[in-house]
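**Q** 3D model of this:
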Amino acid sequence: MSRTIDYGNLMHRAMRGLIQEVLRGVQAEGTLPGEHHFFITFDTTHPGVEMAEWLGARYPGDMTVVMQHWFDNLEVGDEGFSVTLNFGDAPEPLYIPYDAIKTFVDPSVEFGLRFETQEEADEDETAEIEEDAEEEPQRDAEVVSLDSFRK
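**A** Numbers count the residues shown, from 1 in each chain. Predicted structure coming up:
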């Protein structure tokens, strides 16, 4: 059996570590710096997600929360984070495992991360294969010397 390096999972782990580090900085400061704010979309059905029953019923698949002007009780752990957010003047605590996060966006600096599940990646690959079937046949790889790009 051949072994391979699972770059996809390694990249996802690194990206989730980045989110954890950003949130730890916010936790330490108690506020978001400057104009920074986060849109975090997560899978509400993911094991470990903790939220009010009425929120789960209202968002039975994905939910996007915004951390901007008001949030409270941000606690950042190794597996996920908890935060209290305001939903129509009703403060509600949430616990979101990092593995449940689908997107993390900070529009103030045009930064975003998107996590694909293996199932989504397989669907994308299938779509690409079907599209490629209608295109020209693949050509052999061409080796290009980097010297031609140096000044």
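
**Q** Report how many residues lie close to the nearest residue to Gly48 once chain neighbours are set aside.
**A** Counting by Cβ to Cβ, 6 or more residues apart in numbering, the nearest residue to Gly48 once its immediate chain neighbours are dropped is Pro97, at 4.1 Å. Yep, even glycine has a C-beta here, placed from its N, CA and C like the rest. When neighbours are defined as other Cβ atoms under 10 Å, Pro97 has 18 of them.

**Q** Surely Pro97 and Gly77 touch.
**A** No. Contact between Pro97 and Gly77 fails when scored by Cβ atoms under 8 Å: they sit 9.2 Å apart.

**Q** Leaving out sequence neighbours, find the closest residue to Thr45.
**A** Nearest residue to Thr45, sequence neighbours excluded (Cβ to Cβ, 6+ apart): Gly61, at 6.7 Å.

**Q** about what we covered before: give me every residue that touches the residue nearest to Gly48.
**A** Going by Cβ atoms under 8 Å, 6 or more residues apart in numbering, Pro97 touches 46-49, 79-80.
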